[in-house]
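Q: Below: sequence and its predicted model.
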Amino acid sequence: MTHPYLALTDADREAMLRTIGVASIEELFRDVPAEVRLDRELALEPPLSEQELSAHLAELAARNVDTTRELSFLGAGIYDHYVPAVVDAVLQRGELLTAYTPYQPEMSQGVLQAIFEYQTAICELTGMDVSNASGYDGTTVTADACYIAKHATGRTRVVVTEATSPQVRQVVKTYAPGFGLEVVEVPHRSGTTDPDELRAAAEGAAAVIFQQPNVFGCLEPAPELAAAANDAEALPVAHVDPLSLGVLEAPGRYGAAIAVGEGQAAGNFPSYGGPHYGFLAARREFIRRMPGRIVGETVDAAGERGYVLTLQTREQHIRREKATSNITTNQTLLALGGLVYLTWLGPQGLRELGETCLSLAAYARQRLVERAGLELLFPERATFKEFAVRVGRNAREVVRAARAHGVHPGYALGRDYEGMDDVLLVAVTEKRTPAEIDRLADVLAEVAR
Amino acid sequence: MKLIYERSQPGRRASAIPRYEGLPEPEVPEALRRREPPRLPEVPEFELVRHFTELSTRNFGVDTGFYPLGSCTMKYNPRVHERLVALPGFASLHPLQEEDGAQGALELMWRLQEILAEVTGLDAVSLQPAAGSQGELTGLMLVRAFFADRGEAEQRRKVVIPDSAHGTNPASVTMAGFEVTPVATDARGNVDLDDLRAKVDEHTAALMLTNPSTLGLFDENIVEIERIFHGAGALMYYDGANLNAVCGISRPGDMGFDIVHINLHKTFSQPHGGGGPGGGPIAVRGMLERFLPVPAVVRREDGSFGLDYDRPHTIGRVRGFAGPFGVFVRAYAFMRAYGPRLREMSETAVLNANYLLARLKEAYELPFDRLCMHEFVLSARNLKREHGITALDVAKRLMDYGFHPPTIYFPLIVPEALMIEPTETETKETLDAFCDAMLAIAREAAESPELLKEAPHTRPVKRLDEVRAAKHPIVKYGFDAHPEPGSEARPVATEAPRGS
């Protein structure tokens, strides 16, 4: 029987083989030497029908405890924000869903215009001049920024604050040797970075990377950090939460050269870590050093407006070993989800979302101190939607104990930072209600300390 | 059509955000507060949906029709994948969930690793890389770690790449800190063995090879190539871009390759999304396993599944978390739907390609007259010579017949290249209709060449001016200052790249 994913009948195959002039399908593989042929069937389980597949995957999915089944305050880079139905509706349009990179612009005006609109939205959010069409995620775009900075400055060291996400720092360190870059870290002082310390470290550096809000949820003195980098003629790279940018200043307005970030919070489901999109935007002087696809506006033969992939001489398929990056497949579908989401929000919605997160998180800070008797790790620091508390005993144990009550209270920071074994990082999105925060406080009052 | 920003009116909105009474006021320190709001679109939901629906009608996907874009494996994506990936247990699962709350996801990834190991004939798999290019880069980092461990990192700096290779290969080599040694293609379309022997020595770190090649040809000398590289103490890297040709037929591990990346979005079906997402897992021989990225997905002694970070020799992490999980759900579902019948998938892809080749080779030049694998490369050189018609003209005219054009002008070693990959998910009727169109276009080239030069005639836009776009980059909407179409735009940037 023909496999349901295939279409050729026996009669089709015979007619096609006749046209080709071979006697069998086997003969089509005559260039494959016998020594390298697989002389047995692949040792895989038998095929499943769609119905069986659905049952099997539903069973696997049911063994996960997702944020619809557990009251979750997990964040640390991936956030449980609301994803509106219009995102799914647009992303399921087959013409957009099943196209590939728009190499042929006349076939791809839909995707091209959408990317142009996405680039505009990212530039508006970040206060930058130029955005690419997306990178893999918030970690890899940070490594991309290092590559830009190395070539723009000719320097071979990058500085990253210790209060930047550990995963971001790990990816930068993994990429750095190939780039010929050394990575230097600057410690935090009570939850934020000291601009003077950063200025000293930035001397002779290609880039200075900081995160706003940082890994502890604290608001960095970002304008001062950018100024410290600029003083040393190192490129300030701001790693930002896109959903903070309705209430927090845009990196382009305080002197950052490059803005990067993880797009997931804006329009993508958590999806156990991916696929999501990383955004990368920069000041205009870096446009020809940008990695990845960029869409530009032009006109057609009749003088009508249209969109094309542009500045392609930066890219691997033209420039090969001299390209600004090796990226080809990117995260367009997820970035499109981001565009739809930001359109759904609008400027008002973005600001209100930020304000709701601020208020709910402030309420949670209050409740965890007053009701649960916990101590804030950095009580003097302003935060956005995430903050760190000391729970009085091993935070991983507290997580386990709280989960037994149906509440995932946050991320145990001791996994990444020494001396923080009793620290819990709590994220509060607009999906959490005051009643749910009360419940978190009640559960922590019981299981912490 | 209008941009979404041009449909915007202040005061309109699609969202309502929850607000609560009695909570603390939202406070941001004055120095950090946003001054000017971002000019995001202001539209109601129905305008949003109409806008993106209209955009979709100006786009062509596999769901629209035949998309023989060579090297990209544009196969149909079963719709059940979209339903499965949206199950809350997958879509709403936080990547930092404790292991006991993510057993289903971890088991799925572990099983996918096992399947990929069997299909590639290798020992260990990391699912982490986000796409083929990142798989390449990760593989090259493993090469560096492997030789560093043996004290040969300084000595082995060269990576050999055929002149037919994808541009990602040399770009990845540079990003990984190696140097490219190009090697020529011989008259049959194989790697030129004499050139290869002259270039492989004790400074060679690895070969990067796509097999079948971008010409769609299986390298007949693969056994000798393996002897040359392993004989010189170098490693062999397999670019899995063309794995769709050989599943269940010949495995990269059996060909002698030590590291393989698999493009899940090509061979194992992802919807491609207008450019992504993809997935680029790598499979390696046992001797390289300890260098793989962290975290590793493992099955523990008690039968549970987990993430292992304790790998002292790891190259590190190449992206966030354990990889693009949603891509894994689709690829796993696809491979379970086939099981051992993956071989039929590859056989059908190869049969379809050879059928097109047989029907088209009289009208277009065939630079290497052999049976092909899952794709093949024709040249429009004859049309250019005789009628002044280029591969680009043929591509644009194909649009009028309702087909997405093939990949053009690649590989670079074939002038006026048309790289055609039908995949396995087409009917014979579609294949015939495409051939009829290609043959009609070859006739039109002689009879009415202007029809081709002005094509497409039926798309929402005429042929677009790409030179103008690059010369005067307009890469975002300018709001009140946005230039009229066709007016002299001011260049955004003029600085040339330096140092790269």
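A: It's in.
Q: Give the burial count for residue 404, as a bare number.
A: By default, I'm working from chain A. Neighbourhood size, residue A:404 [other CB atoms under 10 Å in any protein chain shown]: 10. Placement of C-beta: from N, CA and C, glycine included.
Q: Switch to chain B, please.
A: 23.
Q: who's in contact with it?
A: The neighbours of residue B:404, taking CB atoms under 8 Å, 6 or more residues apart in numbering or on different chains as the test, are A:104, A:107, B:60, B:65, B:66, B:67, B:68, B:69, B:74, B:398.
Q: Drop anything exposed from these.
A: By neighbour count, with 16 or more other CB atoms under 10 Å in any protein chain shown, the contacts of residue B:404 hold A:104, A:107, B:60, B:65, B:66, B:67, B:68, B:69, B:74, B:398 as buried.
Q: quick one, helices of chain A?
A: A:10-20, A:25-28, A:50-62, A:85-91, A:94-97, A:109-126, A:140-153, A:166-179, A:195-202, A:222-231, A:316-319, A:332-370, A:395-403, A:434-447 (DSSP state H).
Q: Sorry, slip of the keys, the one I care about is the stretch 251-400 of chain B.
A: Secondary structure of the stretch 251-400 of chain B by DSSP state H, counting those that start in this stretch: the helices cover B:252-255, B:264-267, B:325-338, B:342-360, B:381-387, B:391-400.
Q: Of the ones you listed, which stretch is the most buried?
A: For these, the largest average neighbour count (mean count of other CB atoms under 10 Å in any protein chain shown) is found in helix B:264-267, namely a mean of 28.
Q: distance between that one and the chain's centre?
A: Averaging C-alpha positions (CA atoms, centre = their mean, to the nearest Å) puts helix B:264-267 8 Å from its chain's average.
Q: what sits up against that helix?
A: Residues outside helix B:264-267 that contact it (CB under 8 Å, 6+ apart): A:329, B:72-73, B:131-132, B:240-241, B:243-244, B:247, B:270, B:272, B:276-281, B:327-328, B:330-331.
Q: low-scoring stretches of the stretch 351-500 of chain B, by residue?
A: Applying pLDDT under 70 to the stretch 351-500 of chain B flags the ranges B:488-500.
Q: how about a cut-off of 50?
A: By pLDDT under 50, the low-scoring segments of the stretch 351-500 of chain B are B:493-500.
Q: rewinding a little: okay, the helices of chain A in TSV with mean neighbour count and distance to chain B next?
A: Formatted as TSV, these follow (neighbours: other CB atoms under 10 Å in any protein chain shown; distance: least, CB to the nearest CB, whole Å):
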stretch	mean neighbour count	distance to chain B
helix A:10-20	15	4
helix A:25-28	16	5
helix A:50-62	16	3
helix A:85-91	18	4
helix A:94-97	22	3
helix A:109-126	28	3
helix A:140-153	26	4
helix A:166-179	23	3
helix A:195-202	19	12
helix A:222-231	22	6
helix A:316-319	19	4
helix A:332-370	24	3
helix A:395-403	20	7
helix A:434-447	18	5
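Q: Mind putting these into CSV with mean pLDDT?
A: Formatted as CSV, the helices of chain A follow (pLDDT from 0 to 100):
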stretch, mean pLDDT
helix A:10-20, 98
helix A:25-28, 98
helix A:50-62, 98
helix A:85-91, 98
helix A:94-97, 98
helix A:109-126, 98
helix A:140-153, 98
helix A:166-179, 98
helix A:195-202, 98
helix A:222-231, 98
helix A:316-319, 88
helix A:332-370, 98
helix A:395-403, 98
helix A:434-447, 98
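Q: Now render those as a markdown table, adding distance to residue B:356.
A: As requested, the helices of chain A are arranged in a markdown table below (distance: least, CB to CB, whole Å):
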| stretch | distance to residue B:356 |
| --- | --- |
| helix A:10-20 | 10 |
| helix A:25-28 | 13 |
| helix A:50-62 | 29 |
| helix A:85-91 | 32 |
| helix A:94-97 | 24 |
| helix A:109-126 | 26 |
| helix A:140-153 | 37 |
| helix A:166-179 | 40 |
| helix A:195-202 | 58 |
| helix A:222-231 | 56 |
| helix A:316-319 | 24 |
| helix A:332-370 | 28 |
| helix A:395-403 | 56 |
| helix A:434-447 | 59 |
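Q: nearest to residue B:229, of those helices?
A: Closest to residue B:229 of the helices of chain A, according to CB to CB: helix A:166-179, at 21.4 Å.
Q: Can you dump the C-alpha atoms of that closest one in PDB for me?
A: Provided in PDB are the C-alpha atoms of helix A:166-179 (Å, rounded to 0.1, in the frame of the first residue of the first chain):
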ATOM      1  CA  PRO A 166      23.800  32.600  32.400                       C
ATOM      2  CA  GLN A 167      22.600  31.000  29.200                       C
ATOM      3  CA  VAL A 168      23.400  34.100  27.200                       C
ATOM      4  CA  ARG A 169      26.900  34.200  28.700                       C
ATOM      5  CA  GLN A 170      27.500  30.500  28.100                       C
ATOM      6  CA  VAL A 171      26.600  30.900  24.400                       C
ATOM      7  CA  VAL A 172      28.800  33.900  24.000                       C
ATOM      8  CA  LYS A 173      31.600  31.900  25.600                       C
ATOM      9  CA  THR A 174      31.000  28.900  23.300                       C
ATOM     10  CA  TYR A 175      31.200  31.100  20.200                       C
ATOM     11  CA  ALA A 176      34.000  33.400  21.300                       C
ATOM     12  CA  PRO A 177      37.100  31.200  20.600                       C
ATOM     13  CA  GLY A 178      36.000  30.800  16.900                       C
ATOM     14  CA  PHE A 179      35.500  34.500  16.700                       C
END
